[in-house]
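Student: okay, structure incoming, though there's no sequence with it:
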Ligand code: NAD
Ligand code: IPM
Ligand code: MN
């Protein structure tokens with residue numbers, strides 16, 4: 001089977017981590033029946049500097065004609081605010097990628113990297129944040145008035161709430177979860193009140209799933225106090241953005257966390273959750289695992305090859321027993337550069353796919 005993958009490397013550490021993702025995809029192409037074809041679709045701050053556009057039409061056309069998009073990260077210091085980042089928001093809107101899937105899992109060998117006491121880690125950390133990805137404060141409804149007034153409206157629609165909440169219930173059911181957790185600010189915000197009502201209404205169709213609600217402020221402490229207690233967590237756009245970075249630190253590093261920006265059945269975009277990390281760009285120390293685990297998600301959610309996804313995860317776990325990038329390093333193991341970490345995982349994956 002042939003798959004067309006668009007590549008947006010982006011800015012800062014984006015190209016460094018995507019290059020390691022390409023190694024993994026080449027191993028998949030060599031050792032499975034998938035034949036992978038790449039096409040670059042440049043976007044971000046560097047492209048804006050060259051062309052005046054952060055997402056040129058040519059790139060959108062390439063992405064729309066591909067099966068999936070692998071995205072690095074964008075954003076540059078010293079260019080106008082939001083110019084580079086607007087490319088991501090446009091992709092989420094134009095491809096209607098209403099689901100942002102963000103798994104949070106503490107791997108066995110990274111237990112010592114978790115900043116929590118053992119009693120808070122409990123039986124382990126393994127939950128998925130499902131973030132609504134097109135509405136809320138990101139709906140781009142707002143503006144400036146003479147540099148004196150600035151407004152962004154929090155827009156939730158009934159249809160937007162229904163589709164993400166139904167997706168989350170189905171996700172919890174297919175993953176055999178016992179509980180679904182919704183996070184909002186329904187004590188104050190009108191959009192959250194509508195969200196909570198719809199969460200309850202749809203929940204009536206899933207009597208076997210325990211349903212719980214938290215307010216976002218308290219949830220930020222529960223995610224630290226009892227992360228073992230969560231399985232599927234569904235929330236709005238900005239809340240999901242913030243808690244996913246908080247949660248990523250619990251499992252070792254922002255560099256470990258993966259994501260899929262998904263519209264089921266349509267072209268979807270896979271990317272690590274971190275940004276362009278200007279503080280470490282060009283040093284070859286970025287952790288490529290968030291990107292590599294995003295390819296795991298791509299295999300599961302878009303390419304429908306879950307067995308390859310499981311093998312990618314296994315390869316990552318085996319590699320973590322031997323070496324680490326600087327953000328998760330351990331004095332007992334070798335400290336590896338970005339490309340050495342990618343090579344190690346690619347070699348482990350070759351062995352997994354051969355067996
Ligand atoms: P960031 O995620 O780029 O970095 C935060 C911290 O985490 C930094 O200290 C960085 O060195 C570290 N870090 C991030 N990824 C890492 C990795 N793979 N390995 C090791 N360490 C890693 O967030 P920021 O500094 O707040 O933002 C920088 C730029 O990235 C901004 O322009 C922001 O808008 C943009 N951004 C883009 C995306 C995206 O492209 N999807 C996501 C978030 C932020
Ligand atoms: C993310 C990022 C983006 C967001 C930015 C860069 C637009 O932080 O994907 O988490 O806020 O969604
Ligand atoms: Mn973010």
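Tutor: That came through, no problem. Model, not experiment: these values are computed from the prediction. Ligands and ions are numbered 1, 2, ... in the order given.
Student: give me the element whatever residue of the stretch 201-350 of the chain ends up closest to ligand 2 is part of.
Tutor: Residue nearest to ligand 2 within the stretch 201-350 of the chain (Cβ to the nearest ligand atom): residue 241, separated by 4.5 Å. Every C-beta, even on glycine, is put in place using the N, C-alpha and C of the backbone. Take DSSP states H and E as the rule and residue 241 turns out to sit in helix 237-250.
Student: if I look at the residue of the stretch 201-350 of the chain closest to ligand 2, how far off is residue 76?
Tutor: Shown here: residue 241 relative to residue 76, a distance of 20 Å by Cβ to Cβ, to the nearest Å.
Student: all helices for the stretch 101-250 of the chain, in order.
Tutor: Chain-ordered helices for the stretch 101-250 of the chain, with DSSP state H, counting those that start in this stretch as the definition, fall at 118-121, 158-174, 190-203, 216-225, 237-250.
Student: using the three-state scheme, assign the residue in the stretch 51-200 of the chain that ligand 1 sits nearest to.
Tutor: Closest approach between the stretch 51-200 of the chain and ligand 1, counting by Cβ to the nearest ligand atom: residue 75, at 2.2 Å. Look at residue 75: counting by DSSP: H, G, I helix; E, B strand; the rest coil, its state is coil.
Student: in the stretch 151-300 of the chain, what residue lies closest to ligand 1?
Tutor: Nearest to ligand 1, among the residues of the stretch 151-300 of the chain, is residue 275, at 2.3 Å (Cβ to the nearest ligand atom).
Student: so that residue touches residue 75, yeah?
Tutor: Yes. In this structure, residue 275 sits in contact with residue 75. The criterion is Cβ atoms under 8 Å, and the distance is 5.3 Å.
Student: joint contacts of those two?
Tutor: residue 12 (Cβ atoms under 8 Å, 6 or more residues apart in numbering).
Student: any idea which residue of the protein is furthest from its center?
Tutor: Residue distances from the centre of the chain (Cα atoms, centre = their mean) peak at residue 146, which lies 36.1 Å from the mean C-alpha position.
Student: sorry, back to before: and the helix holding residue 241, what other elements does it pack with?
Tutor: Other elements packing on helix 237-250 under the criterion 3 or more Cβ pairs under 8 Å, 6 or more residues apart in numbering; DSSP states H and E are strand 99-105, strand 126-132, strand 179-184, helix 216-225.
Student: next, count neighbours for residue 7.
Tutor: Residues near residue 7, counting by other Cβ atoms under 10 Å, number 23.
Student: just checking, it touches residue 36?
Tutor: No. Contact between residue 7 and residue 36 fails when scored by Cβ under 8 Å: they sit 10.7 Å apart.
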